[in-house]
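[1] What follows is a predicted protein model with its sequence.
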Amino acid sequence: MFKIYGFVLLCFLVFGNLPAHSQALSPVNGIRDAENNCYVFTNATLHITGSNVIKNASLLIRNGKVEAVGAAISVPKDAIEIALNGKHIYPAFIDLWSGYGIQSPEKLAPKTNQFERPVPAAMAWNMAIHPETQVISHYKIKDAEAGVLRKAGFAAVVSHQQDGIARGSGALVGLLKNDESKSVIKPGVGMFYSFERGVSNQAYPSSQMGSIALLRQAFYDADWYKANPNKRTYNLSFEALNAQNKLPMFFEAQNWLEVLRADCIADEFKYNLIVKSGGDDYQRLDALKAAGIKLILPMNYPAAWDLSDAYSEAAIPLSAMLHWEAAPSNAELVRRAGIPFALTSDGVKEPGKFWEAIRKTIKAGLPEGELIKAFTETPAEWIGASDIIGGLQPGKIANFFISTDSISVEQMGILETWVQGQRYIHDAGIQQDIRGTYTLQMTGFQAVSLIISGDEYKPEVRLEYAGGSAKLNIHRQFERIDLSWKTDSLFKQGHWSLNGIIEGDTLQGGGLAPDGSAFSWIAVKKGQVSPTLDKQSVPHETFTADSVKLYYPNAAFGFSSLPETEHLLISNATIWTCEQEGKLERASILISNGKIEAIGSLNKEKLLAGDAAIKHIDGKGLHITPGIIDEHSHIAISKGVNEAGQSVTAEVRIGDVIDPRDRSIYYALAGGVTTVQQLHGSANAIGGQSSLIKLKWGSTPGQMKIKYAPGHIKFALGENVKQSNWGHEYTVRYPQTRMGVEQVFYDAFSRAKEYQQTWNNWDELNASKKKNTAPPARDLELDALVEILEAKRFITCHSYVQSEINMLMHVADSMGFKVNTFTHILEGYKVADKMKKHGAAGSTFSDWWAYKMEVAEAIPYNGALMHEVGVLTGFNSDDAEMGRRLNQEAAKAVLYGGLSEEEALKFVTINPAKMLHIDKFTGSLKVGKDADFVIWDSNPLSIYAKAKATFVEGVRYYDQERDKELQIQANQERTRLRMKMIQEKSEGKKLRKTGGVKQQHSYECEDLIHLEENFLLLEHNR
Amino acid sequence: MRYFVSILAWLLFLPLHGQQKEKDNILLLDATIHVGNGTIIESGFIHILKGRIVETGSSKQRAFLPSDYDTVLKLSGKHVWPGIIALNTTIGLREIDAVRSTLDFNETGELNQNVRSLIAYNTDSKIIPTIRSNGILAVQAVPRGSLIGGTSSVFHTSGWNWEDAVLKTDDGLHLFWPESGTQGKPSDTPRLSESSKIKIQKLEELFTQAAYSKQTHIKLQPIKKVLSGEFVLYVHANKARDITDVIMFAQKHKVSRLVLVGAAESWRVAGMLKKYQVPVVLSSLHRLPSYPDEAADLPFRIPAILKDSGITVALSYNGEMEANVRNLGFIAGTAAAYGVNKEDALQMITLNPAKICGIANDQGSLEPGKAASFLVSAGDILDMRTSRIELMYIEGKKQNLDDLHKQLYRKFRNKYQQN
């Protein structure tokens, strides 16, 4: 056996270059190296797994694999011993989310009108879909990056090309210094996906809902490709999707909402889903748990903001401040919820930050063993590599790191990382402990005391002598030791240096005095020093996973617990039923189980006496109306309200990208709104499918969607569709005229009819023929159009001038569908008779005009006149601000055109409910309907009216008094967190400036998010 | 048929004041008079002679001889209001937002102190009658810009041409203060960007040069007029940090008539605005809160906060959809709903804007000596529920309240009625 300290120099010479016992696949230039690579690590604290730790144990490895572990193993004669004196051996970490060693593709130059694939190939039509990417063919060792990862305790990562929506396969690679072939441990461990289109410069998709639709269509196309042996087409992308569809699906998400969105896709196509999350999973554990997702959790915890400036601190929302505090607790909270998780270093740039994040995670409550598991066993299991990696059991690859202490310890240092049996030494590597008191004899001078104390790896060194002491600088490398000091009181004034070696208990070598005279020196150990520094496990901070308090949503005005449905009697109020009963004076309404139980003149005493659970409100002076319904809204939508990449995008669904955290929901509730149709924008002729939601503040998207609502879709005509006001570059996309707009509809519905026929033909086949005939390709775009033809999906069409309104009704009549609602419809008053005949409703603005040419003849009497002619009419907002004052907008139908107040209120209640085909359930106050209603302090059409409370299905989601409490609560939380951040500043921590935080954007109809530049092309043009 | 009711009432009313000589000697009788200065006269009268108010007061215990007047308007149950004055508009300077050829409010370049909205104001804008019919008496047409937009003028919403319509020529200069951080992003740091620093330096140089120079250069003259107090200096700024900078700039250069415009965060620095007696022209209250954690109704409450701090406040419709300045009354209604007394809210769209732009000796309230410009309605004009304007007089002359929208309404209603 060699002793370690005699061997290190040799080790240095060959480090990183010890070949395993292997077949030589490539010629060697020179003489083959010796192949002895059997090591035994003795007296270690050995973490075989996160939960299996043995003290004073040995680890024996040979040819890159673990041969034996335990307290008493027999050590073969050829094993080189490395004595660890209690140091820790951990199985090396595995990172499932990495782009290590993969050249990122170059960003294609942005082009305004790139509709087709810019680089033709027998692949998917869209460059963001490249499942055929085999990561190994792009893989090249990058030792500088590998070194950073090794120093963070990693020996292997799953790497994939981090670009695009369908990114291709990922491979498990070891972090070796060289030899690509050897470093690949397992290719093809998973298929990788995201919502971001990456470097592609194609116009489509320009929104997240477009990304989702594109990916879903690709999976359906691949299914069809597989099922049709006679297709006479070859597509590398679909080949790849089909060949690898048994691999787990790895998806990148930015937040818990996107985690759920990825889950919907995985469920639809039966994939085993693993999501790299945004680290805010703790905010909605119930939903994530219910979805049964595996999570890869990031550790790039946000830094505190510098909020010392009184004027700019308001820019940082409470939601971000809360997340700053809670983020390190995410892993522990996910663990407590019973959700399987791994951890990733993704987003943490340097090893120091990584270890700091590790300790933050442990401080927040995650047990060390669980953290190790999340970096070893769990990732190994998820990629089906548990037999070879993810622990230090015999037979597994010798991937481990050696640290001075437990990773929970603040002062812990990582000494070495072993990758596939190859040794990588960090800094000075494993060193002999030289702490003690020495007698230093410099030739020609009197002996003095040399004391080396403190931390083993960062010792403090000083000289003590009669009359004083001096602090020394120390530098070590292997057996070398260099000491230096400056003094004015010992021997000679000036700079001294000693250079020497460590040999057991003796330090010796040569030195140089301040006057330039050379001398030799020797220091002999004469005693131990008592440890001055107590190393302890990191104490739990006062703020841990236990302290995380959640709000729903986790932001200002969020509820600390979700309000529940009320059993409520309001008596003696003015009740605007929006039904035939009209306005009831001094009437009562009884609410229970989220429904209206009774309405009219009710016996208050009897009801209250009969059921003690009923809460009572004296409604004297109060007005009660149905909850307001906004037929045209763009609130609560994530990442793009327009999929502007094509003229027909019926395949995209707003319902895929609901953002229940949008504060506009709360504002709308404060204005008495209970229901909105979330519409796609108007950038193209056939836009996306709408989503109908109830404004259940603090809920999940699934809880907000209206289950009984049929499908809806956005169409658009006129200037937006033909890109009239987009700028000079936008003159290519079809159509550019109203003439072309008509043809887009004819073409789309002709295609839809053919598609419908193809499917009908297949459906009519008998069972045996069906077996032998592949089903037609499923087309998500045409599916939606066929639903329109079958009256299962209803159109809301953005429209302004009479010619185009007339046109679409003709298209509809000739193609066999109906235009359910024209929205905006500011010239509806010119063709109201035709609309009535067609059966189209009109949902308009009260008084907007003059913002573009097609509203030059928009008049505020439009609503009243359409109504007078007999068109089902409503007012909508298309604007988050006006959306909270729709009661006032309704009043303008009284002002302009002289409607009665009751009819005017219907413009924002039952009429839009009818347009949305949800009037059986909401929109008026009627027994059996949903208890969606508002309590107003005065006439609801008055500018002076304020909503005192807004109820959705019997739940009080807004309350004037509670709003004040929530303001106080938000302010208190802000102040607490701000003080905590200012404390960090006074502790000298580096803080983030408040600049650069993106403000939430309120969408309007024509907003486009142009992803390359990420700027808004057009705003405020409806 | 209910649509006819109001029209009918209007027609019945018409013969009362159909005479031509009405502008000479008119008596309004038994009306609720909202003076515009915060007070109200129940059952009051207004005597108008040659387009000017000569006397107002309570009709009670006063005998009027109808033959003394050319016209007597018996307004029992009706309300009389001063006409609304809308500051900080682009009325007359912009017709259709998306059509460039109709936009005349933003000259190219940074230092446009010499350009004047006066001569670009288009009295034939189709927008003007639509706002007049909702009670807008006067508008300030403001040149916008990236630093100094130019000088505004104030116009009646009635007039054959700009010379005829103008009520106050070149009332003030409009300075758009360089915003802290990146423009348009409220989230950014309170620091000044490099480009903002350069702009402020330009302003410093310009104002210093104007103070010392003997030249009559066209680019210096408007600044000299600001320094002499002839022009109001309207500074458009929203952030609290910028507002305090503006006040200091005005102090330093001895600007006597500073007005703050926009002023979203003025409530944070109300003390300073009060101390230096800076009037404020607020942008539209109908906006979302500036910051994510602000109370939902904070924008609505700002007039009350400023008023209670003793600051002169005018409300404007600046913001989105500016063609709809006809809704300015409802902005005052919102202020009234959120803490301002109704008559005080009215003052914020009548007397206060008149004071700010320097026409209060003649306009803004129904007081003796002032122009007889008023509105008559059956209900509260601050509330869209009741705000229909029945009559409007400008300087004693009855106004035509028809507009493009009513014409189109009539045209197509007739079409359907004929069918």
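    Yep, that arrived. As the structure is a prediction and not an experimental result, all values here were calculated from the model.
[2] In PDB, list the C-alpha atoms belonging to stretch B:277-287.
    C-alpha atoms of stretch B:277-287 as PDB (Å, rounded to 0.1, in the frame of the first residue of the first chain):
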ATOM      1  CA  GLN B 277     -48.700  76.600  -3.900                       C
ATOM      2  CA  VAL B 278     -48.500  74.500  -7.100                       C
ATOM      3  CA  PRO B 279     -51.900  73.700  -8.700                       C
ATOM      4  CA  VAL B 280     -52.300  70.300 -10.100                       C
ATOM      5  CA  VAL B 281     -54.100  69.100 -13.300                       C
ATOM      6  CA  LEU B 282     -54.700  65.400 -12.800                       C
ATOM      7  CA  SER B 283     -54.800  62.900 -15.600                       C
ATOM      8  CA  SER B 284     -57.900  60.800 -16.000                       C
ATOM      9  CA  LEU B 285     -58.900  59.100 -12.700                       C
ATOM     10  CA  HIS B 286     -60.200  56.200 -14.700                       C
ATOM     11  CA  ARG B 287     -57.000  54.300 -14.700                       C
END
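[3] ok now do residue 385, which residues does it touch?
    Assuming you mean chain A. A:L172, A:I185, A:K186, A:V189 (CB atoms under 8 Å, 6 or more residues apart in numbering or on different chains). Any C-beta I mention is one placed from the backbone N, CA and C, and that applies to glycine too.
[4] Wait, chain B was what I had in mind.
    Counting by CB under 8 Å, 6+ apart, B:R385 has contacts A:A891, A:V894, A:L895, A:E901, A:N939, A:L941, A:S942, A:I943, B:G379.
[5] and the closest residue to B:R268 other than its chain neighbours, how many neighbours?
    Setting aside the residues directly before and after it, B:R268 is nearest to B:A240 in space (CB to CB, 6 or more residues apart in numbering or on different chains), at 4.1 Å. Residues near B:A240, counting by other CB atoms under 10 Å in any protein chain shown, number 22.
[6] Quick check: can you list the domain ranges of chain A?
    For chain A, automatic domain parsing gives the domain ranges A:93-384, A:436-527, A:628-959.
[7] Pick the most buried one from these.
    Neighbour counts (mean count of other CB atoms under 10 Å in any protein chain shown) averaged over each of those peak at domain A:628-959, with a mean of 23.
[8] quick one: terminal-to-terminal distance for that one?
    16 Å (CA to CA, to the nearest Å).
[9] With stretch A:325-345 instead?
    19 Å.
[10] Ok, stretch B:381-398 next?
    First-to-last residue span, stretch B:381-398, CA to CA: 18 Å.
[11] now stretch A:789-807
    18 Å.
[12] do it and chain B meet?
    No: counting by CB under 8 Å from any CB of the partner chain, chain B is not contacted by stretch A:789-807; separation bottoms out at 9.9 Å.
[13] Equivalent analysis for stretch A:927-942, please.
    Yes: using CB under 8 Å from any CB, a contact is recorded between stretch A:927-942 and chain B, made by A:N939, A:L941, A:S942.
[14] Kindly reformat those residues as TSV containing distance to A:K964.
    As requested, the residues of stretch A:927-942 next to chain B are exported to TSV (distance: CB to CB, whole Å):
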residue	distance to A:K964
A:N939	23
A:L941	25
A:S942	22
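[15] I'd like to know which of the residues you listed are part of strands.
    Within those, no residue falls in strands by DSSP state E.
[16] if we can go back for a sec, ok, which pair from the contacts of A:A385 is furthest apart?
    A:I185 and A:V189 (9.0 Å; CB to CB).
[17] Tell me who's in contact with A:S194.
    A:Q162, A:G164, A:I165, A:R167, A:F251, A:E252.
[18] Just give me the residue right at the centre of the chain.
    Let's take chain A. In chain A, the residue lying closest to the centroid (CA atoms, centre = their mean) is A:Q254, at 1.4 Å.
[19] not quite, I wanted chain B
    B:A86 (1.6 Å).
[20] Now do that residue against B:P303, distance only.
    15 Å (CB to CB, to the nearest Å).
[21] do B:V80 as well
    23 Å.
[22] The nearest residue to A:D143 once chain neighbours are set aside: which element?
    Sequence neighbours aside, A:K177 is the residue nearest to A:D143 in space, at 5.1 Å (criterion: CB to CB, 6+ apart). Counting by DSSP states H and E, no helix or strand carries A:K177.
[23] distance of A:K177 from chain B?
    Applying CB to the nearest CB, to the nearest Å, the value for A:K177 to chain B is 44 Å.
[24] A:L765 now?
    Distance of A:L765 to chain B, computed by CB to the nearest CB: 52 Å.
[25] can you tell me which residues contact that residue?
    A:L765 touches A:T773, counting by CB under 8 Å, 6+ apart.
[26] and the residue of chain A most remote from its centre, which of the three is it?
    Distance from the centre of chain A peaks at A:G444, with 69.1 Å (CA atoms, centre = their mean). Here A:G444 is recorded as coil under DSSP: H, G, I helix; E, B strand; the rest coil.
[27] was I right about it contacting A:F519?
    Yes: judged on CB atoms under 8 Å, A:G444 makes contact with A:F519 at a distance of 5.5 Å.
[28] Please, where are all the strands along the stretch 151-300 of chain B?
    B:166-176, B:232-237, B:258-262, B:280-282 (DSSP state E, counting those that start in this stretch).
[29] Of those, which is nearest chain A?
    strand B:232-237 (12.5 Å; CB to the nearest CB).
[30] What pLDDT is listed against the residue in the stretch 351-500 of chain A positioned nearest to chain B?
    Nearest to chain B, among the residues of the stretch 351-500 of chain A, is A:K353, at 24.2 Å (CB to the nearest CB). pLDDT, A:K353: 93.
[31] That one: which element?
    A:K353 belongs to helix A:351-363, assigned by DSSP H and E.
[32] about what we covered before: can you report phi and psi for the residue farthest from the centre of chain A?
    Backbone torsions for A:G444, taken as degrees, to the nearest 10, come to phi 100, psi 0.
[33] Can you tell me how far the residue lying closest to A:T233 once chain neighbours are set aside is from A:A166?
    In this structure, A:T233 finds its nearest non-sequential neighbour in A:Y225, 7.9 Å apart by CB to CB, 6+ apart. Separation of A:Y225 from A:A166 (CB to CB) stands at 14 Å.
[34] same check, this time on B:D170
    Applying CB to CB to B:D170 and A:A166 gives a distance of 64 Å.
[35] how about the helices in the stretch 151-300 of chain B?
    Using DSSP state H, counting those that start in this stretch, the helices of the stretch 151-300 of chain B run over B:162-165, B:194-212, B:221-228, B:240-252, B:270-275, B:298-308.
[36] Since that was my last question, I'll sign off now.
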